[in-house]
Structures are given as C-alpha cells and as structure tokens.
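Colleague: Turn this into a model:
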Amino acid sequence: MRKQETTVNKQYAISNPQPARGTEQYVIGNLKLLVAYCLLLVVLAACSTTKHIPDNDALYTGAKVKLNAENITGQQKKVYAADLQGQTRPRPNGKFLGIPFKLLLWNMFYTTKQKGLKAGLQRKLGQPPVLASTVNLGANTTLLQNYLQNKGFFGAQVTADSTWKKKKASVTYTANAGAQYKIQSVVFINDSSLLTTAIADISKETLLKKGAPYDLDLIKGERLRIDGLLKERGFYYFSPEYILMQVDSTAGSNLVDIRVVIKPDAPDQAKEVYYINDVTIYSNYSLNSARADTIRNTGVVTNGYRVIDPAGKYRPKLFTTAMQFSPNEVYNRTDHNRTLNRLINLNVFKFVKNRFEIAKVDSPKLNVFYYLTPHPEKALRAEFGANTKSNNLNGTELSIGFKHRNTFRGAEQMDFRIYGGTEAQFSGSFSGTSTLRVGGEINFAIPRFVTPFFSIKTKSAYVPRTNIQLGYEALNRRTLYTLNSFRGGLGYLWKQSARTSHEFYPLAVTYVQPLNITTTFKDQINASPTLQHIVDTQFILGSTYQYNFNDQAAGAPKLNSFYFNGLADISGNLAGLLVKGSGVNGKRILNLPFSQYIKLELDGRYYRRIGTGSSWANRIIVGYGLPYGNSRQIPYIKQFFIGGNNSIRAFRSRTVGPGTYKAPLIENRYIPDQTGDLKLELNTEFRPRISGPLYGAVFVDAGNIWLKNSDPDKPGAAISKSFLNELAMGAGVGVRIDITLFVLRLDLAFPIRDPTRPAGERLLINQINFGSQAWRRENLILNLAIGYPF
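Modeller: The predicted structure is shown next:
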C-alpha cells in the first residue's frame, strides 16, 4: 500500500498489432527457464537439507501451537495462536517459496575449513542448519505461559512435545489457557494535587475500558498515554514509571479491578508544572569541538530568543519563524517536537539537538538550549542515469547541479540544474527515431510565506515555502520535429501534518513553441490531422492548486487506509477579462493566443489490509477539462491520457480513446497519442503475500477519455450520455518483489472490453482463449515496471 510513485518503467507486449516480437519471446523464454530452475531447486531441497546434520541430532523445522481457551472468539483464538507461535525460539531456517535456499547453499559449499573461497561463500551466502539440540523446551513453555498470563489468562499452563522423523524434528506446544479475565472497573485516585487532578481530567479517554480483556500491553499503553498528555500540561519531569496500576483479581467471575495511583517515591519535580525561561540558540555548533555553554550572555536577542552566531551566518529573524517556544509559556511536548521538526525541515542544519535545565533551584522554570550543526552551504553534484519509459523509449541523462542552502542568510534555497539526454525506441511507432533533450531549471525557495499585504504564520511541524521556478527545455525528435518549452511559476508549498500537504501556484506560465517540423511529420499530419496538436504553439497563463492526503505517510500501517489527491488548474481567466477579443484564438498577449480552460482531477484510493501480509487496493480517477473562450480543447500537455503500466494495463499507453474513436494506421504504423478533455478510470487489485518479499496480484482496470466538444477528425470522441458503455476494461495477474527500497513489478494483462468495436461486440470475455497462440499474440500485454501502479 503505497502511494503511487513516478517511476522508471518499461512495457512489453507479448502480442499487439505492432512489430518486433524478439523482446517478448526472449522474456517468455527466460521465464520458462526460471520456472524450470525453481523446480530443480525443489528437488534438490528434498534431497539435501539434512545432508550435514550431526549424529544424534536433527534439523529443526519449526513449532506449532495448539491453543485451548475459554470465552474468546474463533478469530481471537487464531490471533493468539499466531502470536504464540511467533514467540518460540529458535526460528527454523528461512524459506522462500517453501524452499530453504540459504540452507541449500550452506550444504552446497559445505566445508569444515575456516579459510578459503569455499568457506567464504558458505558464510556469506548460506545459513547453517538450525539443530533440534538448540531448542530449549523449558524456556519456551515458560515464555508462552508468561505471554498468556500477560493477556489475561492467569491460569494458563503450557506443555511441549517434540517429534523426530528422518533427521528432522518439530515441536508441538499445547497451551491450556483457561478463561480470560476482563476489566470490571478502573479508578483514578485523585488526592487534589496538581498532578492527580490533571490525571483525573484526562481519564475520560482511558484505554482501559470496562468489559475489555486484561492486557499488560494495554496497561503499558495507558501509562504512555497519561505521560504524553501530562507532558502537554507542563509536567516535564514526569515519567510513565511513576504510575502504578494496582490489579485486584479477587472479585470473582474472572473479573479484575484496577486502581491507577502515583507511586509514593515519585520525585517532587515530577509533580511540578514547568514554564519556559530563557531560550538560547547556538546556530553554528560543531560536534567535533563541543564546548560548555560559556557564552550565554553574548549574541543577539530577537523576540525573546538569544542567538549565538559569531560569524553572522544567519539573520536572527530566521529562528523566530522556526521556534515554537516563547519565554514564560507553559512547557508542552507538542511545541518541543514542532520546534525540532521545523529546524530540521529548514534543510540547513545537519544535526539538531536541544537541552533543558532548571533555571534556578526550587524554581518551576526551564532554560532551553538548541545546538544546530549546519550543512555545507554550497554543493555541486553531477548525476548520470539510464531510463526506460512506458512507450519503449530507452535512454540516458547527464545532469549537473548547484545548490546554495543559505543564499541571503535566511535559509533560502537556490537549486540550479542543467541536463541533457538521449532516448531511442527499439520497437514500436517511433522505432529508429532518436530523441535529444537539453534544458535547465532554477528553483528558489524561501522558508516562509512571502505575501504583499499581510503575513501568514503557521504552527505545524513543517516550514512553509515560497517557491520561484524557471525552466527551459529543447526536445528534438530527429526526422520529425523540435519543441522549445519555457515554464515559470510563483507558488507556495506547505504541510499541515505528515498526512496532508498543499501546493498553490497563483502564477504558472508555460510556453511551448514548435521549431523545424520536418516534411516526414507534415506528411503524417496530412494523413492524420489530429497529430497537429502535438506541434501546436501553446501559451498557458494561469493558476494551480493541489491538495494531497496520504494516510500511509503517518507511519504504522492501518487496517483501512485512504489516499486522495485533488488538482485544480485554471488558465486564462484573469487575462481573458483584461484582454479584448472574441472567438477561438481571438484574445492575444504579445500576439500569442493564450489558452483558456478549467481542469479538475481527483484521485482517490482505498487500501484494506487482509491478514498479516496481503492487501486490497482500489483507485478511482475523475478528470474534467472545460475549454472555453480562446480554446476549443485544453492544451495538449494538459490533456488526459489512459493506458500503460500504471493505468489500464491491458492497453498500451495513450492507445485508448477518446471515446469510441480508433486512430488510423499511418505508413502501416499506429502512433499511440490519444488524449482527451475528460477522464474516468477505475482500478482494483488484490495483492496476496506469497512468501517473504514476493507478492502476487490479481487486478481489473477500466476507463476511458473523451473530448468535451466534438471533433470532425475524431468521430465518436466526444462525451455523451452513454459514456459508461464506452469504458475499456482489462484484467490480469502479476507478481511483485517488494524489498522496501524499491518494488519490481511484472503484470500480465489482457483486454476484456474494447470500446473501439461496434456496439454489441465490445465485450471480449467470450473470446478469451489462452490455449490459442493467435489469441495470445493479439491480446496478452506484459508490463515490467518499478513501483506499485497505485
């Protein structure tokens, strides 16, 4: 369940009405070879796992737990049994697809020598067998019994029985848990002190509910909850260890009473509310030459903060926007953490740490010290990379960049990059046509809202940024055309929380100018006039706003997770009011017609965890573009497209739609370049965990694009009331290797509904025939990509 990445990927077709089948045959041949190799390893695994087991010992294959318990549901019983099994030690040799590969490699390179190539391969690639003699049955039964008692099964008893057969051994643990004790009452003792009064005040949200099972982990969680809320009320020196939970299990009927009290030996400091006194910031602190705080009375005082910056690297005002503590305020953990996060989020300091100390003896005030170790201000980098794209374009890119982290002493970030790259397509519509891209861009980010008439202050843990960007790119598709593109923008980026972010560009300008359109491409335009929009001059002057909510960015995975991204893109509205003219392209700035449109795009996703490793992912995308005034269609670079390995995987990228329109062949080639003003896409995918990092996938995709207005060159492309009958659909299966750093994905898909066919013939389910080579050649699409599709 991850949010979708913009990833480097490649799409192959086992069968599609396009040339070049060598790549697909090579991929299929290698897949067959891989399957045969895995089958061979299965045979080897059955023969050699016990090859080097000592006499009077056996290979330990794992443990099973049989749980007998009262007054719990069948699902709870399964969860407890799985937890108990996970508690047993040692763990057996690891397996992948049921095969202990590392143990096989250990046996393959087996040697008793400590040195040499074979010994090195054995240690690095293999894993020694886990022996039955290493299993301590007594320790494990005690561990399992303690676990059950901590879960409220106070009368639990565990026994163990081992089974040896043909040099292999396993253990079966039988846990007779008895009845699980439930909570009858929870009482928070209040002696009218500041501390117990605060605890009583926050007791309404306690985790310990009447009727809930007794659970030691829940009790620990309640102590942490109380500690966290007390920290928000100024109890800086309080600790969860000062809370005592007195449990009385003599009430009968398998019930317990819990009393929450403060330990008698809790120190007086833990019962005191503390205030902030002085805040001192060391802005150029070096970990290698750390000194005592001997220069507290120097520096510059700004808004109550003392900044020690002898070199004058930073304007003192920088820290007033980052600091959330103010003198004479009650200490709270939220401001504590927000301050640290904002200082780190400035991206100027490599290390940030702080320290609190009591201002005076018997004084409820704290002095705060921040020690900031800067990054190097200037950095020069060079990057070289290779890439593949969904349209089979393969290429390389070289970029050189320069970064200044503190341009005007206010943590302003200036990023400058120039790049150049080449791309070529070895199969497909542009086979034999190479592409050259060169360009540059500059971004200047200011760590606050810069507004002309008012100031905006935020309290979140993330520093807002005002961003200014300029960019240029020249794209030369040899033998076809050259495009020059210029872009610029002024906008604001900010995050409310780890889940929620905003991007607002009140000014966003894009200008695309065609150059050197070759005779070859002009002939293609004459054959298919819809290709003209690729090389149209495009002038976009407008504003954009994007909102993103990502439930999975908050850390631990949830049972149900949601993702939402909303984009609003408006162009030409203000310019249209100021500039006179009428009709399409009638309004101009500097003799250039500008685009007028409103574009909205909503991307919603729902993820459901199933079991311990499987998940169900769903996505819906709705896109709406309304051209008006100066424009009949929204600009080509802003239009929607569909298909490809992150969309409808049974169709290649940009080959679906718009509507029921089917583009003609040009010189016996099909150019996949279909775009539209409106979009609807729906995806659902079940992702079962197979073994370790290997996951499967079963998916169904559907969707299409449409034009807002009819186009005589594209019959059937305009949106109509029957748009739901014009959805393309595909289904398929896949595998993923998820190793956290990246996900390698392989999907095999086939179409089950084609909107370009006549009505009544669009459903293709009855034509599915995996046994037919001709059907496979015409329908199966193999997608290879990095990252999840959504």
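
Colleague: Strands along the stretch 351-500 of the chain, start to end?
Modeller: Along the stretch 351-500 of the chain, the segments classed as strands by DSSP state E, counting those that start in this stretch run 365-374, 378-388, 393-404, 413-425, 434-446, 465-477, 481-495, 500-515.

Colleague: Please identify the buried residues of the fifth one?
Modeller: Using 16 or more other C-beta atoms under 10 Å as the test for burial, strand 434-446 gives T435, R437, G439, G440, E441, I442, N443, F444, A445, I446. Quick note: C-beta positions are derived from backbone N, CA and C, even for glycine.

Colleague: Throw the residues you listed into JSON lines and include pLDDT and distance to P92, thanks.
Modeller: Listed next are the buried residues of strand 434-446 as JSON lines, based on pLDDT from 0 to 100; distance: C-beta to C-beta, whole Å:
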{"residue": "T435", "pLDDT": "83", "distance to P92": "53"}
{"residue": "R437", "pLDDT": "90", "distance to P92": "53"}
{"residue": "G439", "pLDDT": "95", "distance to P92": "55"}
{"residue": "G440", "pLDDT": "96", "distance to P92": "57"}
{"residue": "E441", "pLDDT": "96", "distance to P92": "54"}
{"residue": "I442", "pLDDT": "97", "distance to P92": "57"}
{"residue": "N443", "pLDDT": "96", "distance to P92": "52"}
{"residue": "F444", "pLDDT": "97", "distance to P92": "57"}
{"residue": "A445", "pLDDT": "96", "distance to P92": "52"}
{"residue": "I446", "pLDDT": "95", "distance to P92": "57"}
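
Colleague: Including distance to L784, could those residues go into CSV?
Modeller: Shown next, in CSV, are those (distance: C-beta to C-beta, whole Å):
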residue, distance to L784
T435, 21
R437, 23
G439, 28
G440, 32
E441, 30
I442, 35
N443, 32
F444, 38
A445, 36
I446, 42
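
Colleague: before we move on, the earlier item: between the strands of the stretch 351-500 of the chain, which gets nearest to I752?
Modeller: strand 378-388 (27.3 Å; C-beta to C-beta).

Colleague: Just name whatever secondary elements the helix or strand R306 falls within is in contact with.
Modeller: Using DSSP states H and E, the element containing R306 is strand 305-308. The contact analysis (3 or more C-beta pairs under 8 Å, 6 or more residues apart in numbering; DSSP states H and E) places strand 305-308 against strand 275-282, strand 300-302, helix 317-322.

Colleague: For V463, find the nearest of the ones you listed.
Modeller: helix 317-322 (6.8 Å).

Colleague: buried set for that closest one?
Modeller: L318, F319, T321, A322.

Colleague: In the stretch 1-150 of the chain, mark out all the strands, start to finish.
Modeller: With DSSP E, counting those that start in this stretch as the criterion, the stretch 1-150 of the chain has strands spanning 9-12, 59-69.

Colleague: Equivalent analysis for the stretch 201-350 of the chain, please.
Modeller: 243-248, 255-262, 275-282, 300-302, 305-308, 349-358.

Colleague: and the angle for the one helix or strand N548 maps to with strand 481-495?
Modeller: Per DSSP H and E: N548 is located in strand 538-550. Computed by axes from the mean of the first three to the mean of the last three C-alpha atoms, to 10 degrees, the angle separating strand 538-550 from strand 481-495 equals 40 degrees.

Colleague: Can you list the strands that strand 538-550 pairs with?
Modeller: strand 500-515 (antiparallel), strand 560-571 (antiparallel) (DSSP bridges).

Colleague: which stretch among these comes nearest S399?
Modeller: strand 500-515 (21.1 Å).

Colleague: Run through the bridge partners of V300.
Modeller: Applying DSSP bridges, one finds that V300 bridges with V307.

Colleague: what ranges do the helices span in the stretch 151-300 of the chain?
Modeller: Assigned by DSSP state H, counting those that start in this stretch, the stretch 151-300 of the chain shows helices spanning 194-201, 216-231.

Colleague: Just send those back as CSV, with distance to N573, mean neighbour count and mean pLDDT too.
Modeller: Formatted as CSV, these follow (distance: least, C-beta to C-beta, whole Å; neighbours: other C-beta atoms under 10 Å; pLDDT from 0 to 100):
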stretch, distance to N573, mean neighbour count, mean pLDDT
helix 194-201, 52, 17, 94
helix 216-231, 48, 17, 95
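
Colleague: still on that earlier bit, among the buried residues of strand 434-446, which two are most distant?
Modeller: Most distant of the buried residues of strand 434-446, by C-beta to C-beta, are T435 and I446, 35.6 Å apart.

Colleague: Tell me the spacing between S595 and N337.
Modeller: Distance, S595 to N337, using C-beta to C-beta, to the nearest Å: 45 Å.

Colleague: Which one of the two is surrounded by more residues?
Modeller: S595 (23 against 13; other C-beta atoms under 10 Å).

Colleague: Check the gap between that one and G576 for me.
Modeller: 10 Å.

Colleague: if we can go back for a sec, compare the strands of the stretch 1-150 of the chain and say which comes out lowest on pLDDT.
Modeller: Among the strands of the stretch 1-150 of the chain, strand 9-12 carries the lowest mean pLDDT, at a mean of 36.

Colleague: Identify the residues contacting the residue nearest to D711 when sequence neighbours are not counted.
Modeller: Spatial nearest neighbour of D711, excluding adjacent residues (C-beta to C-beta, 6 or more residues apart in numbering): A717 at 5.7 Å. By C-beta atoms under 8 Å, 6 or more residues apart in numbering, the residues touching A717 are G657, P658, G659, T660, Y661, G676, W706, L707, S710, D711.

Colleague: buried subset of those?
Modeller: For the contacts of A717, buried by 16+ other C-beta under 10 Å: G657, P658, G659, T660, Y661, G676, W706, L707, D711.

Colleague: wait, isn't the first one in contact with L678?
Modeller: Spelled out, that is G657. No: G657 is beyond contact range of L678, at 9.6 Å (criterion: C-beta atoms under 8 Å).

Colleague: any shared contact partners between those two?
Modeller: Between them, G657 and L678 share the contacting residues I705, W706, judged by C-beta under 8 Å, 6+ apart.

Colleague: could the helices of the stretch 151-300 of the chain be laid out in CSV, adding distance to Q773?
Modeller: CSV is the format used below for the helices of the stretch 151-300 of the chain (distance: least, C-beta to C-beta, whole Å):
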stretch, distance to Q773
helix 194-201, 74
helix 216-231, 58
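
Colleague: now Q149, nearest residue through space, not along the chain?
Modeller: Looking at Q149 with C-beta to C-beta, 6+ apart, the closest residue is A156, at 5.7 Å.

Colleague: gap between that neighbour and T141?
Modeller: 10 Å.

Colleague: who's more crowded, those two?
Modeller: Taking other C-beta under 10 Å, A156 and T141 do not tie; A156 has more neighbours (23 against 19).

Colleague: where does the chain have low pLDDT?
Modeller: Residue ranges of the chain with pLDDT under 70: 1-48, 288-297, 386-395, 424-433, 556, 665-672.

Colleague: one more time with 50, if that's ok
Modeller: 1-28, 42, 45-46, 294, 390-392, 426-429 (pLDDT under 50).

Colleague: Count the residues that sit near N704.
Modeller: Neighbourhood size, N704 [other C-beta under 10 Å]: 27.

Colleague: err, Y545, not the other one
Modeller: 16.

Colleague: give the contact list for Q469.
Modeller: So Q469 contacts E441, I442, N443, F444, R487, G488, G489 (C-beta under 8 Å, 6+ apart).
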